[in-house]
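Enquirer: I would like the atomic coordinates for the input below:
(one chain, ligands or ions: 2)
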Amino acid sequence: MWTTGKIIERVDWNDKLFSLRIAAEVAPFIAGQFIKLSERQDDKRIARAYSLVNPPGTAYVEVLAVAVEEGALSPKLHTLVVGDEIQVSTQAAGFMTLAEIPRGEEQGKHLWFLATGTAVGPFISMMDTDEPWQRFEKVVLVYGVRHSDDLAYLDKIRQLQQRYPEQFIYIPCVTRQRLAGALDCRITAGLEDGRIEAVAGLTLSATDSQVMICGNPEMVSDAQRILKDRGLQKNLRRAPGQITVEKYW
Ligand SMILES: Cc1cc2nc3c(=O)[nH]c(=O)nc-3n(C[C@H](O)[C@H](O)[C@H](O)COP(=O)(O)OP(=O)(O)OC[C@H]3O[C@@H](n4cnc5c(N)ncnc54)[C@H](O)[C@@H]3O)c2cc1C
Ligand SMILES: NC(=O)c1ccc[n+]([C@@H]2O[C@H](COP(=O)([O-])OP(=O)(O)OC[C@H]3O[C@@H](n4cnc5c(N)ncnc54)[C@H](OP(=O)(O)O)[C@@H]3O)[C@@H](O)[C@H]2O)c1
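Expert: Numbers count the residues shown, from 1 in each chain. Ligands and ions are numbered 1, 2, ... in the order given. Model prediction:
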C-alpha cells in the first residue's frame, strides 16, 4: 500500500548525500526497519528501500540517501525540495532490529554497530530509542565513509556522546582522506588488524558482543567472515548468535 508523502525538510550533507524528512501516514515500525519510496517512470513503478532514520513515534519519516550516478530512483529523490510529493509505503519492514537480538545471558554486554555510508541511518534511529542504552553496557558505532563530509548526523552523534559519555563509543573510519580523530582504514581492515577494538578498548567475542552490520554488501560479507573466524555466529531465530546484518544492494 502506498501513500503520498510531502517533503517537509531537506538537509544536504554534501553534493550527493542528503536527508529528506517526509510527512506521511506510515504504520508503527521498529527502529532499524525500512520503508519504500517510489515514483512512476514511463508507466512503471520504481520502488526502492530506505531505512528510517527517525525513531518510532515521530510524526514524520526521515531517510538518508546518496544520489547514485545512473541510478533509477536516487537521482530523482535528490531533486526533491520542500513541498514536493513522493510515494511512500505505508508499512515498514525488515529484521535488522534489536527485537531480533536474544535477551538474557546470550545477549552479551556490548552492542556494536558497523555501518558504511548511508547505512548509519538505521543505527541513528535505534540509538534515538532507550533500548540499546538500557540493554547494553557499551554501545559502539563504527562508521565508515570515503570522505569526512560523507559523515552525516554528526550533531546527533555528538549529542549521544554528551548524553552517554561512559556508554557510547564512536569510531569514524575515513578511507580517502586523513581526518584527525578518525581511523584511516576500511572497517574490515580495522577489524582484522585489531585497530577498531584497540580504539574501543573492548574485545569482540561470542560471549560479550552483539554486532549489527549494515551497508555495502561486500563490507557486510567480509566483516561477517572476520567475525565468524573469531567465533561469532549469525543470529538466527532458531539458533541465537551474535551477528545481525542488512545489505543495501
Ligand atoms: C533494506 C535496504 C535498505 C536501504 N536503505 C537505504 C538507505 O537508507 N539509504 C540509501 O541511500 N539507500 C538505501 N538502500 C539502497 C536503495 O534501496 C537504492 O538501491 C539506492 O537508493 C539506489 O537506488 P537507484 O534506483 O538510484 O539505483 P539502483 O539501480 O537501485 O542501484 C544502483 C547501484 O547503486 C549502488 N548503491 C545503491 N544503494 C547505495 C547506497 N545506499 N550507497 C552507496 N551505493 C549504493 C550499488 O552499486 C547499486 O548496484 C537500501 C536498500 C535496501 C535493500
Ligand atoms: N561518497 C562520495 O563522495 C560519492 C561521490 C560521488 C558518487 N558517489 C556514489 O555513491 C556511491 C558510493 O557511496 P558511498 O561512498 O556512500 O559508499 P561506499 O562506496 O560503500 O563507501 C563507503 C565506505 O565503505 C568502504 N568500503 C567500500 N567497499 C568496501 C568493502 N568491500 N569492505 C569494506 N569497506 C568497504 C569505503 O572504503 P573505500 O574508500 O576504500 O572504497 C568507504 O569507506 C557510489 O555508487 C557512487 O556512485 C559517492
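Enquirer: Near ligand 1, which residues of the protein are found?
Expert: 34, 48-51, 63-66, 68, 71-74, 94, 117-118, 121, 246, 248-249 (C-beta under 6 Å from any ligand atom). To be clear about C-beta, it is placed using only N, CA and C from the backbone, and glycine gets the same treatment.
Enquirer: Could you list which of those residues belong to strands?
Expert: Under the assignment DSSP state E, those contribute 34, 48-51, 63-66, 246 to strands.
Enquirer: Pull out whichever of the residues of the chain next to ligand 1 are also neighbours of ligand 2.
Expert: Among these, ligand 2 is touched by 66, 68, 117-118 when using C-beta under 6 Å from any ligand atom.
Enquirer: end to end, how far does stretch 132-141 reach?
Expert: The first residue of stretch 132-141 is 12 Å away from its last residue (C-alpha to C-alpha, to the nearest Å).
Enquirer: in that stretch, what's buried?
Expert: Across stretch 132-141, burial judged by 16 or more other C-beta atoms under 10 Å covers 132-133, 135-136, 138-141.
Enquirer: and what of stretch 96-110?
Expert: Buried residues in stretch 96-110, defined by neighbour count with 16+ other C-beta under 10 Å: 96-98, 100-101, 107-108, 110.
Enquirer: ok, back up a step: would you list the buried entries among the ones next to ligand 2 among the residues of the chain next to ligand 1?
Expert: Buried residues within those, counting neighbours by 16+ other C-beta under 10 Å: 66, 117-118.
Enquirer: In the chain, which residue sits nearest ligand 2?
Expert: residue 117 (2.7 Å; C-beta to the nearest ligand atom).
Enquirer: Appreciated, that's everything.
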